[in-house]
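Asker: Predicted structure and sequence below. I'll ask about it afterward.
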Amino acid sequence: MEAVRTELFDLTIVGGGPVGMFGATLASLHGMKVKIIESLPELGGQLYALYPEKPVYDVAGFPAVPAKDLALSLVAQMERYRPEVVLKESVETVEALADGTFLLHSNKGVHGTRAILLAVGIGSFLPRRIPAQGAESWEGKGLHYFVPPLDTFAGQHVLVVGGGDTAVDWALAVAGKARQVTVVHRRNEFRAQEDSVRQMHETDNINVVTPAEVEEILGADEVSGVRIRHQEKGSHELSVDAIIGGLGFHPDLGPVKTWGLELKGSTIKVAPESMMTTRPGIWAVGDAAFYPGKVKLIATGFGEVGIAVAQIRTFLHPGVSGLPHSTTLKNKNR
Ligand SMILES: Cc1cc2nc3c(=O)[nH]c(=O)nc-3n(C[C@H](O)[C@H](O)[C@H](O)COP(=O)(O)OP(=O)(O)OC[C@H]3O[C@@H](n4cnc5c(N)ncnc54)[C@H](O)[C@@H]3O)c2cc1C
């Protein structure tokens, strides 16, 4: 039976990625009673789950910071204000009550809240699987979609599949540890950042094979090779120790899709001046939020949180507006 939690929070943030965590910090700093609910066992969203060891270069104030360290800094910043953190719970439905508050129903319980901030990012991390026949049976046996610590690849020959940022970034990151990296992409042109593509072509131990596709994964118990079909030269076998599927992830809002919010593909439409969705009392930020000109970056998500939290503060306390500077607040040194 569902455990009912009736304690009423001012704000419940759904999603414990970087943007949700910064939302919890800001809302708590400004005096709100905050709960953050994350479906994974760890906070950190894409930073922690998808690219923990990659350095991030475009977060203000950090010249270069490994994604995992950025996630841990966001956790530490948030914990200072002690919001309630709920892990391993997926929010599924929302129920609007007659008194204007909401009940959020998760797979494990019910959470009462006055306002909701959706920071659900790209939803659950569902990888785009490589189209080679039977590829699914090699997951966990040398075929990776969630990249393990880079040391795993020390001295190995690693095959990276894909032609977008995910594949090119992984090829560059893994090349620092691996003996050899081969990148296979079905087109000659890469859809990744120009500078990264240039670096990939200039890196001695990265070999680029295009236009080509992985036809079959070979091995006994673990991956030991692949058959590659080159569009002009035909098929050949290549010995590899590991394969990284770098085709990205399917964005999927999951159950939030059924909440009656106006959507744009797999994102939620918001008014950029407030970050409010088409349902009063529900805001959205970060990768999940859409408005014209939207850029999916951690930095933009942090800015959106500032706008949303100011609006939520006014929603909770009509008559107050904006956000005072943190330097002037009483509870900043908790
Ligand atoms: C390989 C890679 C490299 C990147 N490099 C950069 C970079 O250099 N700079 C940059 O700015 N950005 C980069 N990004 C993008 C950046 O990671 C995202 O913009 C950022 O993570 C968005 O944060 P978010 O908090 O909105 O969403 P997410 O990080 O996606 O977090 C959302 C969280 O919500 C949780 N969730 C979803 N649905 C529910 C639910 N129903 N109930 C409970 N929890 C739920 C998810 O489990 C997840 O933890 C990169 C992304 C990738 C994949």
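Answerer: Cool, the structure landed. Residues are numbered from 1 along each chain as shown.
Asker: Grab the nearest non-local neighbour of residue 207.
Answerer: residue 182 (4.9 Å; Cβ to Cβ, 6 or more residues apart in numbering). Glycine gets a C-beta too; all of them are placed from N, C-alpha and C.
Asker: What pLDDT is listed against the one you found?
Answerer: At residue 182, the model reports a pLDDT of 98.
Asker: so where's the stretch 1-150 of the chain shaky on pLDDT?
Answerer: 1-5 (pLDDT under 70).
Asker: Those residues of it touching the ligand, which are they?
Answerer: Residues of the stretch 1-150 of the chain lying close to the ligand (Cβ under 6 Å from any ligand atom) are 14-20, 37-40, 45-47, 50-51, 56, 58, 90-91, 119-123.
Asker: Output stretch 62-82 in CSV with nothing but the alpha carbons.
Answerer: Extracted C-alpha coordinates of stretch 62-82, given in CSV (Å, rounded to 0.1, in the frame of the first residue of the first chain):
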residue,chain,number,x,y,z
PHE,A,62,35.1,26.9,-13.1
PRO,A,63,37.9,26.9,-15.8
ALA,A,64,37.5,23.1,-16.1
VAL,A,65,35.6,20.9,-13.7
PRO,A,66,35.0,17.1,-14.0
ALA,A,67,31.3,16.6,-14.2
LYS,A,68,31.2,14.4,-11.1
ASP,A,69,33.0,17.1,-9.1
LEU,A,70,30.5,19.7,-10.3
ALA,A,71,27.7,17.4,-9.2
LEU,A,72,29.3,16.9,-5.8
SER,A,73,29.8,20.7,-5.3
LEU,A,74,26.1,21.2,-6.2
VAL,A,75,25.1,18.6,-3.6
ALA,A,76,27.4,20.2,-0.9
GLN,A,77,26.0,23.7,-1.7
MET,A,78,22.4,22.4,-1.5
GLU,A,79,23.0,20.4,1.7
ARG,A,80,24.0,23.5,3.5
TYR,A,81,20.3,24.5,3.5
ARG,A,82,19.0,21.0,4.4
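Asker: which residues touch that stretch?
Answerer: If you take Cβ atoms under 8 Å, 6 or more residues apart in numbering as the criterion, stretch 62-82 is touched by 18, 21-22, 24-25, 28-29, 34, 36, 43-48, 51-57, 59, 298, 331, 334.
Asker: What of stretch 264-281?
Answerer: 96, 100, 102, 114-116, 118, 122-123, 251-253, 256, 259-263, 282-285, 287-294, 304, 307-308, 311, 315.
Asker: hmm, 7 Å instead?
Answerer: Around stretch 264-281, the neighbours that count as contacts under Cβ atoms under 7 Å, 6 or more residues apart in numbering are 102, 115-116, 118, 251-253, 260-263, 283-285, 288-291, 304, 307-308, 311.
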